[in-house]
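Q: One predicted model, sequence on top.
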Amino acid sequence: MTASLRDIKVYTTYPHSCSYLEEQEAVTLFVDPKHTVDRSLYSSLSSLGFRRSGSHIYRPHCESCNACIPSRIPVADFRMSRGQRRTWNRNQDLVVEESADITDDAAYDLYKLYIELRHKDGDMYPPVRDQYESFLNNPWECTRYYRFYDQCDGKATLLAIAVADFLDDGQSAIYTFFDPTQAKRSLGNYTLLWQVENARKMGLNYLYLGYWIKDCQKMSYKSSYRPLELRINNCWTAV
């Protein structure tokens, strides 16, 4: 571990309700918000299993539970399954554009729809614009926003947005939200497949997916991406 990592102050939260497992309490370890963070340090922390929410860098630190396991896809080795290939082909009509931010009304309206239809039981319900912008902001100038449009009949309709951070060794899938009424497109799966291909084209090694949690249905989709690497006992291991 480099000196810069050793010098970082970290804090823990008080126990709070777990967002992933019912009737469980969680404790979160987070980096001192006053510490200066750049892309290099953020990359090193990501390789140790940390994630970010807005400008806060954190990882689970529960005393009696280790269910939250950092996960990533080694993009050079990734191969689509038959189902993933069908999802990929089904969405080849979409046009992808990169934008500098997602503070506009169209982006927020899509986020609001997504939270209201898909995540009424989550921490982000009801959707609040200030919380949305704080959560998905660009704190260290390493974030890119990818918009997925359906341009049927000459009209561009925003269907999904993927928020991604770019690290020294990979791309980190921070958050994706999409139109839940477009169920046949499987937009959540497609946008992740697109990010795998994007990372591969950019010569990056990994797509970081956040935490894989065996007993959490919301996180079960990550198991379908193979090969998948999990950080177990301080070591990244292919599963």
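A: Cool, got the structure.
Q: Please count neighbours and contacts with C-alpha atoms only from this point.
A: OK.
Q: Report pLDDT for Leu228.
A: The per-residue pLDDT reported for Leu228 equals 97.
Q: go on, Met1?
A: We have a pLDDT of 42 for Met1.
Q: what does the one 3 residues further on give?
A: In the prediction, the pLDDT value recorded for Ser4 is 61.
Q: so where is the protein shaky, pLDDT-wise?
A: In the predicted model of the chain, residues 1-4 satisfy pLDDT under 70.
Q: looking at it, which residue lies furthest from center?
A: Relative to the centre of the chain, and counting by Cα atoms, centre = their mean, the farthest-placed residue is Asp153 at 31.9 Å.
Q: where's that residue relative to Asp93, distance?
A: With the distance defined as Cα to Cα, to the nearest Å, Asp153 ends up 12 Å from Asp93.
Q: Is the residue positioned nearest the centre of the chain in a helix, a strand, or coil?
A: Using Cα atoms, centre = their mean, the residue of the chain that lies closest to the mean C-alpha position is Ile174, 2.7 Å off. Recorded secondary structure, Ile174: strand (DSSP: H, G, I helix; E, B strand; the rest coil).
Q: on that earlier part again, surely the residue farthest from the centre of the chain is within a strand?
A: No: Asp153 is assigned helix when assessed by three-state DSSP, not a strand.
Q: In contact with it, which residues?
A: Asp153 makes contact with no residue, according to Cα atoms under 8 Å, 6 or more residues apart in numbering.
Q: Tell me the spacing between it and Asn234.
A: Distance of Asp153 to Asn234, given as Cα to Cα: 51 Å.
Q: Now Pro33. Nearest residue, chain neighbours left out?
A: His56 (6.5 Å; Cα to Cα, 6 or more residues apart in numbering).
Q: ok, the one you found - how many residues close by?
A: 13 (other Cα atoms under 10 Å).
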